[in-house]
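# Take this sequence and fold it.
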Amino acid sequence: MYQIIDWIVLTVSDLGYPGIIIMMFLESSFIPFPSEVVMIPAGYLAYKVEMNLVLVILAGTLGNLMGALLNYYLAIKLGRPFLLHYGKYVMFNEASLQRMEDFFAHHGHVSTFTGRLIPVVRQYISLPAGLARMNLVVFSFYTSLGAGIWVTILALLGYYIGGNELLIREYLRGILIILAISIVIGVAVYLRLQRHIGC
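Okay, here's the model as predicted:
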């Protein structure tokens, strides 16, 4: 496990700021990729003066915004039926979209801000915003604000506990274990649903 953690830190270091942008873009789009695995090591590298903390936060926020804009435009261009038909391939279904639409309807445009701070909701809140054709400038502002806060929290966490490398390792170890369990459960549920539909 520690070898994997070392590999993550080295990967973030080797790829630099463009790597942070790419990985946070993935995290913010359809691909389930935990931002903690990127931003905490980046904050740790900033503590070691191998990266600049402000640039780390800006890169993470930009990547998040780019991923959110992808989902936003997919929703506008392809529409609800297309998202529901192909969403099953990325563990996304009608119930998930309905929850996002309810959340968006209840909280209004500000939901694109608050939604960025809530796990799971964070990845998909851009879809109802796109389906509702929310103003692009307003969407980008709220998304950047929410993503910026989330990214800053994670980067600062990595930065301020950077003096305790063991704590960094243990924190990431817990994240990776939870991620692995979630993937196994997700795949199992997906296969079970596919067999049920096939019947």
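# Tell me which stretches of the chain form helices.
2-28, 36-47, 53-87, 94-107, 111-114, 121-124, 126-131, 136-160, 165-198 (DSSP state H).
# How about residues contacting the fifth one?
When you say that, I think you mean helix 111-114. By C-beta atoms under 8 Å, 6 or more residues apart in numbering, the surrounding residues in contact with helix 111-114 are 68, 103-104, 107, 125-126, 128-129, 134, 139, 142-143, 145-146. For the C-beta atoms, the positions are set from N, CA and C on the backbone; glycine is no exception.
# In PyMOL, how would I select the buried members of the residues you listed?
Typed into PyMOL, the line below selects the buried ones among those, using 16 or more other C-beta atoms under 10 Å:
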select buried, resi 68+103+104+125+126+128+129+134+139+142+143+146
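# now the contacts of helix 111-114 in a markdown table, with distance to A46?
Shown next, in a markdown table, are those (distance: C-beta to C-beta, whole Å):
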| residue | distance to A46 |
| --- | --- |
| A68 | 24 |
| F103 | 33 |
| F104 | 34 |
| H107 | 33 |
| I125 | 28 |
| S126 | 28 |
| P128 | 34 |
| A129 | 31 |
| M134 | 33 |
| F139 | 29 |
| Y142 | 26 |
| T143 | 23 |
| L145 | 21 |
| G146 | 21 |
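# Any chance of the contacts of helix 111-114 in TSV with distance to T114 and pLDDT as columns?
Shown next, in TSV, are the contacts of helix 111-114 (distance: C-beta to C-beta, whole Å; pLDDT from 0 to 100):
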residue	distance to T114	pLDDT
A68	14	91
F103	9	71
F104	10	74
H107	6	69
I125	9	79
S126	13	82
P128	13	79
A129	12	83
M134	14	86
F139	13	91
Y142	9	90
T143	11	91
L145	10	90
G146	7	87
